[in-house]
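*Asks:* Take a look and give me a structure for this.
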Amino acid sequence: MNRLYPAFSGRKFPKNASTRILLCLSVVLFYPCFHLLSGEKQNRQPLLAFLDPPEQNEVPDQSEPDQSISEEREALIHRIYRNRNLQTQFERAEQKFQDREFTEGALQLEKLLDHQEDYFFWSDDQPRPVNFRERTRQLYSQFSPRSLADYERISGPQANQLLQQARQTNDLRLYELLALRFFPLKAGFESLNYLATHYMEQGNFDFAARYWDLLLESRLQKSRLEPVHLLKAALTYQQSQQHEKTAQILETYGTEKVIVSGRTLSLEQALQFLDTTLADSATRKTTGWFVSQGNAKRNQSVDASLPYLNPVWSHPIGRTDKDSPLETLRNWEKKQFRENLSTAVVNQPIAVDDLIIYRDFNGVRAVHVDSGNTDWLFQSAGSLTQLIEQLEAQNPPHSAYSQNLPLEKFYNYNSIYGSLSSNGQYVFAIDYLPDTQPPAQINMGLRRSSSHFPLVSQKGNR
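*Replies:* Coordinates of the predicted model:
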C-alpha cells in the first residue's frame, strides 16, 4: 500500500522521474520562505556585530553650528537670488572643466551667460555664496593654449562680428555683452579695453578701474596686455586713489617703454608726466546722478537688475489721508493686463550732490543721502494732494466715478508728469498752474462733465 497516497484517496504518486524531481525541488525551495515568514527568531548576534561601527573609529561631531553663523546663513538664504535650474546647468559645465573638456564647458557657459543676470550659488561645502560670473572667470583661467585656440576657432567668428557691429554703432551695451559672454576670447579683451578706456577718458576713473581689474586678475587676459594698456591701468588706479595697485604695476613693469606725446619714456616716467598734466587741469568732478535711470554718461537708461538692498532709511511717496488716489491706483493696476492703456506717472528720484530729490503727493522733496532728513520741500501747484482737493470741490462727493475719471486722466495718463532733472544747480520739474478762466464745461447729456487739467497753462509753467 502506498502510504503517501492511501487507498480510495483518488490520488496517485507520480511515476514520471522528472515530475518527482520538480516536486522535491519545490519542497526544498519553499521551505526557507515559510520558515522566514513564520516569525521564528534566530540568533542574530553575528548580524548585529557586523552592523556595529568599529570601536577604533570616532563618531563625527553631531553638534549644531554656532548660532550666529546659522542666523547669518539663514538670513542670506532667503535674500540671495538662486535659480535651481541654472545652478544645475552650471554644475554640468563645471564638471566639463574638471574633466578637462574645456571647449564643451565654455560653450555651455555661453548659454548661461545669455541670461545677462548675475546670481549666486551656495553649496553645502562652501562657507559663503559663490558669485556666478566670478566663478565663470575662474573656470576660464583653466584653459590650456590648445583648448583656447579651439574655442577661439568655434566662437571667435561670432564674437568678432559682434565686435565689428559694436564699433560701427558705438553701443556700450554691446561691448558689455561681448565682455560678459566671450570673456576669454580676443573680442572679449578688446571690449574690456574699450570700456575701460572710454570711462577713463570720461573722467570716471572709479568705474574704469573695475574693467582693468577684470583684465589684470585674469591669467588669459593679463598675457595680452601691452605697455600702453598697463599705463592706462596705472593711471586709472592713480586717479581713483588705489595706490597699492599702481605700485604693483610699476614694480613689475616700471621699466617698460611707451610713447607719450612723441617721446619714448619708461612706464614710471610716463605715469608721472600724465599725472602732473591731470593735476594741473581744473576738472570738476560731479558725483550726482542728474537723470533717473541714467548710465555712467547720465543720458540714457540701462538694463540692470537690482541688488539686495539693506535700507538705512525710507520715505513713502504716496502718504496722504485721501482715499481717492489710492483707489485710482488700485483700479489702474487691475487693468494693466489689457492693451493700449496708460503707463502711469513717472516717480523716480535723482541724486544731486548729497541730496535725493523725488516727487511725492505734496510736491518735490529733497532729503539727505545719509540721514534721510528732509532738506527742503517745494509744494508745487501740481501736487496730487491739491489736485484731489480741486476735484472734491468741483464734483459732488457722492460721485466717486466723476472724481476718479479726471484724476486718472491726469495722474495716470501723463507719464511725463513727475519726471525730474537737474544741472547740478537747479532742479527742473514739470508743474501745473490752473488757468484763471478755465475752459467751458460742455455737458452733452452725460452723467458727468469733463474736467481739464492742463500741464502748461496760458501763463506758462514754473
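
*Asks:* Excluding chain neighbours, give the residue nearest to Ala233 in space.
*Replies:* Nearest non-adjacent residue to Ala233, counting by Cβ to Cβ, 6 or more residues apart in numbering: Trp212, 4.2 Å away. (Glycine included, C-beta is placed from N, CA and C.)

*Asks:* doesn't Tyr237 make contact with that neighbour?
*Replies:* Yes: counting by Cβ atoms under 8 Å, Trp212 touches Tyr237, with 7.3 Å between them.

*Asks:* So between the two, which is more surrounded?
*Replies:* When Trp212 and Tyr237 are compared for neighbours, Trp212 comes out ahead with 29 against 24, by other Cβ atoms under 10 Å.

*Asks:* quick one: pLDDT of the more buried one?
*Replies:* With respect to pLDDT, Trp212 scores 93.

*Asks:* Roughly how far does the closest residue to Pro349 other than its chain neighbours sit from Asp375?
*Replies:* Leaving aside its chain neighbours, Pro349 sits nearest to Tyr358 (3.8 Å; criterion: Cβ to Cβ, 6+ apart). Distance of Tyr358 to Asp375, computed by Cβ to Cβ, to the nearest Å: 12 Å.

*Asks:* ok, back up a step: list the contacts of the residue nearest to Ala233.
*Replies:* 196, 232-233, 236-237 (Cβ atoms under 8 Å, 6 or more residues apart in numbering).

*Asks:* Go ahead and build a ChimeraX selection from the buried members of the residues you listed.
*Replies:* Here is the ChimeraX selection string for the buried members of the contacts of Trp212, based on 16 or more other Cβ atoms under 10 Å:
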select :196,232,233,236,237
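
*Asks:* Kindly indicate which of the contacts of Trp212 lies nearest Val352.
*Replies:* Set against Val352, the nearest of these by Cβ to Cβ is Thr236 (25.9 Å).

*Asks:* Just confirm that closest one is within a strand.
*Replies:* No: with DSSP: H, G, I helix; E, B strand; the rest coil as the criterion, Thr236 is located in helix rather than a strand.

*Asks:* Identify, by residue count, the longest helix of this structure.
*Replies:* Scanning the chain for the longest helix, with DSSP state H as the assignment, gives helix 145-169.

*Asks:* Could I have the CA atoms of whichever helix or strand comes after that one written out in CSV?
*Replies:* Counting by DSSP states H and E, the element after helix 145-169 in chain order, helix or strand, is helix 172-181. These are the backbone C-alpha positions of helix 172-181, laid out as CSV (Å, rounded to 0.1, in the frame of the first residue of the first chain):
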residue,chain,number,x,y,z
LEU,A,172,28.3,100.4,-25.0
ARG,A,173,25.8,97.7,-24.1
LEU,A,174,27.0,95.6,-26.9
TYR,A,175,30.6,95.9,-25.6
GLU,A,176,29.3,94.8,-22.2
LEU,A,177,27.6,91.8,-23.8
LEU,A,178,30.8,90.8,-25.5
ALA,A,179,32.9,91.2,-22.4
LEU,A,180,30.5,89.1,-20.5
ARG,A,181,29.7,86.3,-23.0
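
*Asks:* can you list the weak-confidence ranges in this structure?
*Replies:* Along the chain, segments meeting pLDDT under 70 span 1-17, 27-83, 116-118, 123, 280-310, 318-347, 381-418, 431-462.

*Asks:* how about the strands in it?
*Replies:* Per DSSP state E, the chain carries strands over the ranges 120-121, 130-131, 257-260, 263-266, 350-352, 355-360, 363-368, 374-378, 420-422, 427-429.

*Asks:* Just give me the neighbour total for the residue nearest to Pro349.
*Replies:* Neighbours around Tyr358, by other Cβ under 10 Å: 18.

*Asks:* can I assume it is in contact with Ile317?
*Replies:* Yes: assessed by Cβ under 8 Å, Tyr358 is found in contact with Ile317 at 6.4 Å.

*Asks:* Just the residues contacting stretch 139-149, thanks.
*Replies:* For stretch 139-149, with Cβ under 8 Å, 6+ apart as the criterion, the contacting residues are 93-94, 97, 100, 102-103, 105-106, 109, 151, 183-184, 218-220.

*Asks:* In helices, which of the residues you listed appear?
*Replies:* Per DSSP H, these map to helices at 93-94, 97, 102-103, 105-106, 109, 151, 219-220.

*Asks:* Filter these down to the buried ones.
*Replies:* 93-94, 97, 102-103, 105-106, 109, 151, 220.

*Asks:* coming back round to it: in CSV, list the ones in helices among the contacts of stretch 139-149 along with distance to Pro227.
*Replies:* Converted to CSV, the ones in helices among the contacts of stretch 139-149 look like this (distance: Cβ to Cβ, whole Å):
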residue, distance to Pro227
Ala93, 35
Glu94, 36
Phe97, 32
Phe102, 30
Thr103, 32
Gly105, 33
Ala106, 29
Leu109, 31
Tyr151, 27
Arg219, 19
Leu220, 19
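
*Asks:* Which pair in these has the greatest spatial separation?
*Replies:* For the ones in helices among the contacts of stretch 139-149, and using Cβ to Cβ, no pair is farther apart than Ala93 and Arg219, which are 19.0 Å apart.

*Asks:* Dihedrals phi and psi, Gln379?
*Replies:* phi -80, psi 90 (degrees, to the nearest 10).

*Asks:* same question, Asn204
*Replies:* phi -90, psi 80.

*Asks:* neighbours around it, how many?
*Replies:* For Asn204, the tally of surrounding residues (other Cβ under 10 Å) stands at 18.
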